[in-house]
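>>> Curious how this folds, go ahead:
(chains A and B)
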Amino acid sequence: MNHLLEVDNLHVQFDTPQGPASAVDGASFHISHGETLGLVGESGCGKTVTSLSILGLIPSPPGYIKADRILFKGRNLLNLSSEDVRKIRGREIAMIFQEPMTSLNPVLPIGRQVAEPLIAHKGISKAKAFKEAIKWLDYVKIPEARKRLYDYPHQLSGGMRQRIMIAMAMVCHPQLLIADEPTTALDVTIQAQILSLIAGLKEELNMSVLLITHDLGVVAQMADRVLVMYAGEIVEEADVMSLYDRPFHPYTEGLLRSMPILDKQIGDKLHRLTEISGIAPCTTGLTQGCKFADRCPFAFPLCSEKRPELLEVKDGQRARCWLRDYPEKRRHHD
Amino acid sequence: MEKIDCIFLRQPVSDRLPLFKGMAYYLIKKFITLLILLFLVSITVYSVLFLLPGDPAQIILGINATPETLENLRSELGLNKSFWHQYADWMINLISGRGNRSINYDMPVYELIVSRLSVTGPLALMAILFAVAISIPLGVYAARHQNKKGDLGVMFFTQLGLATPEFWLGILLILLFSVHWGIFSAGGFPGWSVDFWGSVKSLLLPSFALGVIRASILTRLTRSSMLDVLCEDYVRTARAKGLKERTVIYVHALRNALIPVLTILGLQLGQLMAGAIIIENVYYLPGLGRLVFQAIGQRDLPVVREVVLFMAVAVVVVNFIVDLIYASIDPRMRLQKM
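So this is what the prediction gives:
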């Protein structure tokens, strides 16, 4: 199969005073043309690190990337020179970050920041690049885009800044957009606007999107396929319908159960939100078995002895869990 | 889409207006602050010099002067009047433009200051130029190679620079360039109208000595400020856009990193404008520092008072210019300050 992006066995380690910590531990996935892939998991599970390592943006030291390959349009990004990777960044793979407040340069006017990728990659004149920038600012619904060119980030609201970030990512028509928690820092009404903006752009340009989030609602709305990450590993992969209908991995199940359901709360005043007990494991030590074993309600001795592989459980749905081989161990207490 | 031409690239005047409107208010505020400050400085300077032991009349006439001539000179100089009376006389002379006369040089003090400033001003500016030209590239280089050999080397030499007194460096430079190689003269100043390039040349060594010492602090500051900025999200954004590393460093990062550096640079320039007393003495430069140094020894109080007052003005004006540069580098300052 010819995918747009194929990541094989990605490992990312960071040097810490406590020894090397592995942030991503053998992640493999692919994104097809025109597909939206959701990457979910709790904070610190390696989502952002995964996305940054695709673009080679992990500062080294302290970070080290090791992977069998990261294929983008058939080229292995790991073997390219830093200059060649730079030419891909912003032109073919663009990225939107979580914090619109700090992700824009405070001392440069926004028009310039939006036009910059065009000048860097397409070698077009400033005037043309600014013209294009206005077009995109209009597109992301910045009112009076032309006047706003000389505004600075501090003069804009969070939602506006995220729109600017999107315009900046889109100016070169990338084939892959990596959106790292694009709505986390925004309030709910703005979230919906930003998401529909991304969805619309994706349709229009037939672009692929890697959507990183911890918000399962956002994933349900946007993604075609979902990866669930836990402690640097992909623990489940499924298309979005199967994942919500019949999650396989106990962690995915736990995540879905810890989502607030509004109707239920209105009906039953004392309904409490379920949570996954325990805390995410430390990433510095080596674990033998399944990393989720300590928190898993179904854990049995094998789980802490041997690490499960990410294997198919049903057509297209894969999970990293021993319950695949021992389904009788899954018993629900409630 | 409407037709857009190149004019558009320049900031439209209508968008620039708020800056200037705010600026006028800011200027007035600064000016009033300056006046209050000058008043306080003048009182302080006057009272300190008033209390200073040593009778100017005695120094002018020497120890063999008779009491009558001393008394005559005192009343001529106004030394018998009360403190406030003397202060008022001084102020009136200053403001009316009549000026006060130097006892020692027998000429208006402001003429003295202007002529000495023609040495100290260029000296200070050249020193700052040296400091900036050395410290910014070195600081950026050290930050980009943090904890590697190059960085350690830079840190070593800046530490050395911090520990070196500037007069000693000045003397070493004279030994090397004047005594040993004979490229530069060991001191003195020919005067701008007499020999322009000779004057520039005679300021090179002292300004270099002043600049290198100041560059040590600035290099370290640039380095640490740059290290902070390189971890910022917007630097990552700039890289994610696929900008060239040079653009990321010198446009996106350095502009932000310069803000704290500028503060110290301003302080240093203000201090240098007030005269580099020691270096001017090492190199026999007829600058402000030497003027005030000699005037204190000779109890030439009118000169001392006005030079100190001028130094206060210089520091305030330089800081004001630094504020303006802040606003042009960091748009957020425009809102805050005004």
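>>> alpha carbons only for contacts and neighbour counts from here, please
Noted.
>>> How about the contacts made by A:Gln317?
Contacts for A:Gln317 (C-alpha atoms under 8 Å, 6 or more residues apart in numbering or on different chains) come out as A:Glu236, A:Glu237, A:Ala238, A:Asp239, A:Ser242.
>>> Around chain B, which positions in chain A sit nearby?
Within chain A, the positions adjacent to chain B are A:55, A:57, A:86-91, A:94-95, A:97, A:102-107, A:116-117, A:120-121, A:127, A:130-131, A:150, A:152, A:154, A:169 by C-alpha under 8 Å from any C-alpha of the partner chain.
>>> Assess the claim that B:Leu235 and B:Leu227 are in contact.
Careful, residue B:235 is Val and not Leu. No - in this structure B:Val235 lies outside contact range of B:Leu227 using C-alpha atoms under 8 Å: 11.2 Å.
>>> Quick one: low-confidence residue ranges for the chain.
Went with chain A since none was named. Across chain A, the ranges flagged by pLDDT under 70 are A:1, A:261-273, A:282-287, A:332-334.
>>> hmm, I had chain B in mind actually
Applying pLDDT under 70 to chain B picks out residues B:1-23, B:275, B:334-338.
>>> Check which helices and strands the lengthiest helix in it is in contact with.
Secondary structure of chain B per DSSP state H: the longest helix is helix B:13-51. Here helix B:13-51 touches helix B:83-96, helix B:301-329, helix B:331-337, going by 3 or more C-alpha pairs under 8 Å, 6 or more residues apart in numbering or on different chains; DSSP states H and E.
>>> Next, the angle helix B:301-329 makes with that helix.
Helix B:13-51 and helix B:301-329 are oriented at 160 degrees to each other (axes from the mean of the first three to the mean of the last three C-alpha atoms, to 10 degrees).
>>> mind listing what the residue most central in space within chain A touches?
Centroid-nearest residue in chain A: A:Ile212, 2.0 Å away (criterion: C-alpha atoms, centre = their mean). By C-alpha under 8 Å, 6+ apart, the contact list for A:Ile212 reads A:Gly38, A:Leu39, A:Val40, A:Lys47, A:Thr48, A:Ile178, A:Ala179, A:Asp180, A:Glu181, A:Pro182.
>>> Tell me which stretches of the stretch 101-250 of chain A form strands.
Here the stretch 101-250 of chain A has its strands, by DSSP state E, counting those that start in this stretch, at A:176-180, A:208-213, A:225-230, A:233-239.
>>> so which of those gets nearest B:Ala276?
Taking C-alpha to C-alpha, strand A:176-180 is the member of the strands of the stretch 101-250 of chain A nearest to B:Ala276, at 54.7 Å.
>>> Sheet partners, orientation included, of that closest one?
Applying DSSP bridges, strand A:176-180 is found paired with strand A:93-96 (parallel), strand A:208-213 (parallel).
>>> Looking at those, which one is packed in the most?
Across those, the average number of neighbours (mean count of other C-alpha atoms under 10 Å in any protein chain shown) peaks for strand A:93-96, which reaches a mean of 27.
>>> Need the contacts of A:Ile212 in a markdown table (columns: distance to A:Asp25).
Below are the contacts of A:Ile212 laid out as a markdown table (distance: C-alpha to C-alpha, whole Å):
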| residue | distance to A:Asp25 |
| --- | --- |
| A:Gly38 | 18 |
| A:Leu39 | 15 |
| A:Val40 | 16 |
| A:Lys47 | 11 |
| A:Thr48 | 13 |
| A:Ile178 | 20 |
| A:Ala179 | 21 |
| A:Asp180 | 19 |
| A:Glu181 | 21 |
| A:Pro182 | 24 |
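>>> Taking the stretch 51-200 of chain B, what residue is nearest to chain A?
B:Gln146 (10.4 Å; C-alpha to the nearest C-alpha).
>>> Helix, strand, or coil at that residue?
Put simply, B:Gln146 is coil when judged by DSSP: H, G, I helix; E, B strand; the rest coil.
>>> next one: phi and psi at it?
Main-chain torsions, B:Gln146, degrees, to the nearest 10: phi -50, psi 130.
>>> now the residue lying closest to B:Ile278 once chain neighbours are set aside: how far from B:Pro206?
In this structure, B:Ile278 finds its nearest non-sequential neighbour in B:Phe167, 6.3 Å apart by C-alpha to C-alpha, 6 or more residues apart in numbering or on different chains. Distance from B:Phe167 to B:Pro206, counting by C-alpha to C-alpha, to the nearest Å: 9 Å.
>>> Can you tell me, leaving aside adjacent residues, what's nearest to A:Lys73?
Distances taken as C-alpha to C-alpha, 6+ apart put A:Leu4 closest to A:Lys73, at 5.1 Å, once the chain neighbours are dropped.
>>> Can you say which of the strands paired with strand A:176-180 is nearest to A:Thr252?
For A:Thr252, the closest of the strands paired with strand A:176-180 is strand A:208-213, at 14.0 Å, according to C-alpha to C-alpha.
>>> CA-only coordinates of that closest one, as CSV, when you get a sec.
The C-alpha coordinates for strand A:208-213 follow below in CSV (Å, rounded to 0.1, in the frame of the first residue of the first chain):
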residue,chain,number,x,y,z
SER,A,208,-4.3,14.5,5.3
VAL,A,209,-4.5,15.5,8.9
LEU,A,210,-2.8,14.0,12.0
LEU,A,211,-5.0,15.3,14.8
ILE,A,212,-3.5,15.1,18.2
THR,A,213,-5.8,15.5,21.1
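>>> count of residues packed around residue 218?
I'll assume chain A. When neighbours are defined as other C-alpha atoms under 10 Å in any protein chain shown, A:Val218 has 19 of them.
>>> wait, chain B
Counted with other C-alpha under 10 Å, residues neighbouring B:Leu218 total 26.
>>> Distance from the helix or strand where it lies to the middle of the chain?
Assessed by DSSP states H and E, B:Leu218 sits inside helix B:196-230. Relative to its parent chain, helix B:196-230 has a centroid offset of 13 Å by C-alpha atoms, centre = their mean, to the nearest Å.
>>> What helices and strands are in contact with the following helix or strand past that helix?
Following helix B:196-230 in sequence order, the next helix or strand is helix B:233-240 (DSSP H and E). If you count contacts as 3+ C-alpha pairs under 8 Å, 6+ apart, helix B:233-240 packs onto helix A:100-103.
>>> other SSEs contacting the helix it packs on?
On a contact count with 3+ C-alpha pairs under 8 Å, 6+ apart, helix A:100-103 meets helix A:158-170, helix B:233-240.
>>> swap the cut-off to 6 Å and go again
On a contact count with 3 or more C-alpha pairs under 6 Å, 6 or more residues apart in numbering or on different chains; DSSP states H and E, helix A:100-103 meets helix B:233-240.
>>> Report the angle between the helix it packs on and helix A:158-170.
20 degrees.
>>> Can you report how many residues lie near the nearest residue to A:Leu77 once chain neighbours are set aside?
Closest residue to A:Leu77 apart from its sequence neighbours, by C-alpha to C-alpha, 6+ apart: A:Ile70 at 5.6 Å. Look at A:Ile70: counted by other C-alpha under 10 Å, it has 25 neighbours.
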